[in-house]
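Sequence and computational prediction follow.
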Amino acid sequence: MKSSASDEIRGRHFDGQILKRFLPFIRPYRKLALTGLGLLPFISVVGVIPPLLIKTAIDTCIIPGNLAGLLPIAAILLAVLCTEAVLTFGQAWCVQIVGQYIMADLRRVGFAKLMRLPRSWYDWQPSGRILTRLTSDIEHVGDLFGSGIVSAIGDIATIVLIFVIMLSINVPLSLVAFSVVPFMLLLILLLRKPMRRVMRQLRARQASLNAFISERTSGIAEVQIFSQEQRSSIEFDKLQDEYRRSALSWVSLEAVFYASVHIFGSLAVAAILWKGGGEVIQQSVTFGTLVAFIEYSRKFFMPLTDLASKFSVLQTSNASLERIFDILDQEDEPQEGRQEVPGNGGVEFDNVTFAYLPGEDILKQVSFNLEPGKRTALVGETGSGKSTLTQLLLGFYPADQGQVRINGVDVTTIEKAALRRMVGWVSQEPFLFSGSVRANLDPHDTLNDAELLHAIDATGAKKVVERLGGLEGRLVEHGKNLSSGERQLLCLTRAQILNPPIMVLDEATSHLDGDSEELIYAGMRTLAGGRTTLMIVHHLRLAAEADHIVVLHHGRVCEQGSHQQLLAADGRYAHLWSIQQLEAQSKRKGNP
């Protein structure tokens with residue numbers, strides 16, 4: 001498992017490169033986005049009118065005592081404020097709608113990408129971390145448009161407009177008001193790097209926390225069986241403390257940022273009162289101008305404060321975008337290749353060597369054949385590489401050396417979908433999705449009800465389906481409303497729906513009781529005619545039924561032949577057979 005540190009993406013600050021990659025997600029909704037963007041200048045113009053109206057009311061009506069002139073000014077002010085409210089609503093609605101569409105597209109593209117990634121990529125990715133990238137990370141990216149970039153453009157437009165108006169009214173007073181701006185810019189530059197670093201760390205630790213929770217809740221039975229509740233709580237507290245420390249660091253930096261902006265805004269108002277008040281007393285500036293400047297100062301620093309919050313959104317969104325693009329940048333599982341491989345289902349493992357990690361070979365120069373229409377049993381201790389051979393046959397991994405061939409064709413040159421239509425696979429860990437029995441057994445909807453029920457009956461799963469209520473009976477997540485044996489029977493049925501010429505049973509009977517085990521093999525005997533079958537077995541009495549047996553030891557083929565030939569050879573297989581026979585006799589004596 002990756003550490004939280006390794007989950008942090010290293011890159012530049014939010015810049016043109018990231019924005020360039022983000023723009024294609026906005027392009028389909030450009031009309032709505034441009035509408036929201038086009039409303040910003042009008043909002044900015046309408047927003048700077050009220051202080052001018054207040055200045056006019058004070059200088060021409062209130063101080064001279066012209067009360068009659070206040071009514072039209074008040075009416076205009078009310079109309080301006082209502083117009084600003086309507087425009088602000090329209091602009092916010094447009095950008096939020098676009099933000100929601102962008103998030104939906106990112107989820108769709110991200111999930112489609114996950115479906116195309118090779119199996120090897122998932123070996124090192126905790127499920128909680130993947131979930132974080134498709135949920136909270138995408139939510140943060142939605143904020144980038146919904147309340148980030150567009151709103152920031154509006155805030156900048158408002159600041160520029162106020163800057164121009166204030167300079168046009170009184171230059172000296174404007175310079176006093178803007179004297180604090182350079183210090184604010186310096187603060188932004190100083191806080192940008194630490195805020196970005198802390199946000200990356202926060203996102204990474206959140207992903208690690210999610211991954212831990214997902215892992216422990218998925219394995220809750222093991223946690224409780226081995227009394228690991230306290231240890232799990234200690235590990236959770238450690239991860240939670242790391243996340244909390246990162247969150248507190250982020251909150252502290254944000255607090256410094258916001259407090260500084262407010263302090264600078266207050267200093268600007270104080271400077272305006274000091275400078276403007278003196279000029280009002282000297283009658284070089286009207287009282288209305290002083291009030292307007294204070295109001296403009298508030299309006300000037302309000303969008304600056306908003307920009308500070310947008311800066312936080314940009315930092316958060318940037319970290320999330322980097323992590324999402326990291327997934328999108330992964331190489332897809334190669335799909336090109338031959339779609340047709342004529343033949344009778346013969347399989348060859350030719351001098352195959354393979355390692356998941358460099359220098360740690362799992363398979364070492366493995367060679368044997370699966371004869372067409374015959375059953376071959378693969379025997380060996382745990383860790384000898386039996387299941388790895390099935391992964392190579394299914395094209396999940398390429399062999400480091402040698403070849404795996406079907407009908408004389410290297411499996412790496414066969415289109416993956418075509419390859420997996422040729423090979424039916426039942427793993428040692430049966431997996432069913434939540435949904436109907438039909439959706440699980442025939443996801444391509446290739447069989448009618450009668451044909452599907454016939455396939456179910458052939459594998460001995462008829463009673464299981466009837467108990468569930470037929471083909472539309474519901475399965476809960478992972479098929480938890482079934483026993484392990486019942487799940488395996490349904491998985492066996494699913495593997496044979498497309499009638500593949502090759503069948504792989506990866507310890508498919510490991511979760512079955514004696515009766516279920518006999519049931520599944522009765523179904524296999526009925527349907528195995530003309531089908532090449534590879535059985536990875538633990539119970540050697542099942543291997544004895546095979547036409548050919550291959551024995552693996554430490555990643556190598558140590559012997560192969562028929563059951564009788566291997567017993568006569570008195571090698572490793574004969575030794576394992578003797579041990580299991582003794583165990584069986586012992587059980588019979590213990591259960592007369």
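Ah, there it is.

Which residue ranges make up each domain of the protein?
Domain assignment for the chain, taken from automatic domain parsing, gives 16-328, 347-590.

Which residue ranges of the stretch 451-592 of the chain form strands?
474-475, 502-506, 532-536, 548-553, 556-561 (DSSP state E, counting those that start in this stretch).

Need the three-state assignment for residue 392.
What DSSP: H, G, I helix; E, B strand; the rest coil gives for residue 392 is helix.

how much space is there between it and residue 271?
The gap separating residue 392 from residue 271 is 75 Å, by C-beta to C-beta, to the nearest Å. (Glycine included, C-beta is placed from N, CA and C.)

So for those two, which sits in the more crowded spot?
A side-by-side neighbour count of residue 392 and residue 271, using other C-beta atoms under 10 Å, places residue 392 first with 23 against 18.

Contact partners for that one?
The neighbourhood of residue 392, defined by C-beta atoms under 8 Å, 6 or more residues apart in numbering, consists of 349, 352, 354, 363, 398-399, 404, 411.

7 Å - rerun?
Applying C-beta atoms under 7 Å, 6 or more residues apart in numbering, we find residue 392 in contact with 352, 354, 399, 404.

Please tabulate the domains of the chain in TSV, including the columns distance to residue 334.
TSV is the format used below for the domains of the chain (distance: least, C-beta to C-beta, whole Å):
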stretch	distance to residue 334
domain 16-328	8
domain 347-590	7
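
Kindly reformat the ones you listed as a markdown table and extend each row with distance to residue 340 and mean pLDDT.
Formatted as a markdown table, the domains of the chain follow (distance: least, C-beta to C-beta, whole Å; pLDDT from 0 to 100):
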| stretch | distance to residue 340 | mean pLDDT |
| --- | --- | --- |
| domain 16-328 | 23 | 84 |
| domain 347-590 | 7 | 85 |
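
of these, which approaches residue 336 most closely?
For those, the distance to residue 336 is smallest for domain 347-590, at 6.6 Å, taking C-beta to C-beta.

Centre of the chain to the closest one, how far?
On the basis of C-alpha atoms, centre = their mean, to the nearest Å, domain 347-590 sits 31 Å off its chain's mean C-alpha point.

Likewise for stretch 177-192?
Centroid displacement of stretch 177-192 relative to its chain, using C-alpha atoms, centre = their mean, is 37 Å.

Pull it out as PDB, backbone CA atoms only.
Extracted C-alpha coordinates of stretch 177-192, given in PDB (Å, rounded to 0.1, in the frame of the first residue of the first chain):
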ATOM      1  CA  ALA A 177      -6.700  54.000   0.400                       C
ATOM      2  CA  PHE A 178      -4.600  51.800  -1.900                       C
ATOM      3  CA  SER A 179      -1.400  52.100   0.100                       C
ATOM      4  CA  VAL A 180      -2.100  48.800   1.900                       C
ATOM      5  CA  VAL A 181      -2.600  46.800  -1.400                       C
ATOM      6  CA  PRO A 182       1.200  46.100  -1.900                       C
ATOM      7  CA  PHE A 183       1.300  44.500   1.600                       C
ATOM      8  CA  MET A 184      -1.600  42.300   0.700                       C
ATOM      9  CA  LEU A 185       0.000  41.100  -2.500                       C
ATOM     10  CA  LEU A 186       3.200  40.300  -0.600                       C
ATOM     11  CA  LEU A 187       1.100  38.300   2.000                       C
ATOM     12  CA  ILE A 188      -0.500  36.300  -0.900                       C
ATOM     13  CA  LEU A 189       2.900  35.500  -2.400                       C
ATOM     14  CA  LEU A 190       4.300  34.400   1.000                       C
ATOM     15  CA  LEU A 191       1.300  32.100   1.900                       C
ATOM     16  CA  ARG A 192       0.800  30.600  -1.600                       C
END
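
what comes up buried for that stretch?
For stretch 177-192, a neighbour-count test (16 or more other C-beta atoms under 10 Å) marks 177-178, 180-181, 184, 187-188, 191-192 as buried.

Check stretch 150-160 too.
Across stretch 150-160, burial judged by 16+ other C-beta under 10 Å covers 150-159.

And stretch 531-549, by the same measure?
531-540, 542-544, 546, 548-549.

And stretch 425-445, by the same measure?
For stretch 425-445, a neighbour-count test (16+ other C-beta under 10 Å) marks 425-428, 430, 432, 436-442 as buried.

Could you do stretch 447-461 as well?
Buried-residue list, stretch 447-461, by 16+ other C-beta under 10 Å: 447, 452-453, 455-456, 458-461.
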